[in-house]
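>>> Could you work out the structure for the sequence below:
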Amino acid sequence: MMNKKYAIIIIFILFFILTCCGDNGAAKEYTEYAEYENLNPDNSIKIDLIEVSPTALTMVIENESNEEIICGESFDINYFFEDNWYVYDISFTYDEEKEISDITFVDIAYPVKSGDSLEMKYAWEMLYGILSSGRYRIVIPIRIANGKTDDYYSCEFEIK
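Below is the predicted model of the structure:
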């Protein structure tokens, strides 16, 4: 009888440790390689970080090209692990109370004229949660104003 009590107590303690003392979802799955055909194709379009936190970043997109560019609010987060970039999985779950079932971005085009810059803030807590320590990059689509396809530009950052 005494051994059964000890077994139950040990199981309860292990359950408590595994469920309550974990990282609360900070560890994510990243199994898919982040592959982009032509990442950062134009050196005259630059991205500089202003501020980074585990839930958002602020950056400046500088257009030193001869053409107007267009950017928006959509983005992806990639995680660097064992010498490879991986797609950082979205931690979004359906919320019946708020009736949210899909992930969408505001589809506003922000034009940046030649020689100008634009400050953008990208917040990801709703999509990715709070990022744990590690090396990341944000990838955003940018289009030449008269172009028909997006090019992808990235900026690396570290969460400590």
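>>> tell me the SS of Met126?
helix (DSSP: H, G, I helix; E, B strand; the rest coil).
>>> can you count the residues close to it?
Met126: 13 surrounding residues under other CB atoms under 10 Å. Every C-beta, even on glycine, is put in place using the N, C-alpha and C of the backbone.
>>> any idea how far Lys46 is from it?
Counting by CB to CB, to the nearest Å, the gap from Met126 to Lys46 is 28 Å.
>>> Could you do Glu82 as well?
Counting by CB to CB - Glu82 and Lys46 are separated by 29 Å.
>>> And for Leu131?
Shown here: Leu131 relative to Lys46, a distance of 23 Å by CB to CB.
>>> okay, the two: which has more neighbours?
The residue with more neighbours, out of Leu131 and Lys46, is Leu131; 23 against 17, by other CB under 10 Å.
>>> That one and Glu32, how far apart?
Leu131 sits 17 Å away from Glu32, going by CB to CB.
>>> And the contacts of stretch 150-160?
36, 38-42, 45, 47-49, 52, 54, 57, 59, 61, 78, 80, 131-144 (CB atoms under 8 Å, 6 or more residues apart in numbering).
>>> Of those residues, grab the buried ones for PyMOL.
Buried residues among the contacts of stretch 150-160 (16 or more other CB atoms under 10 Å), as a PyMOL selection:
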select buried, resi 40+42+45+47+52+54+57+59+61+78+80+131+134+136+137+138+139+140+142+143+144
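>>> Point out where the chain drops to low pLDDT.
Within the chain, the stretches with pLDDT under 70 are 1-31, 92-106.
>>> Sweet, I'm off.
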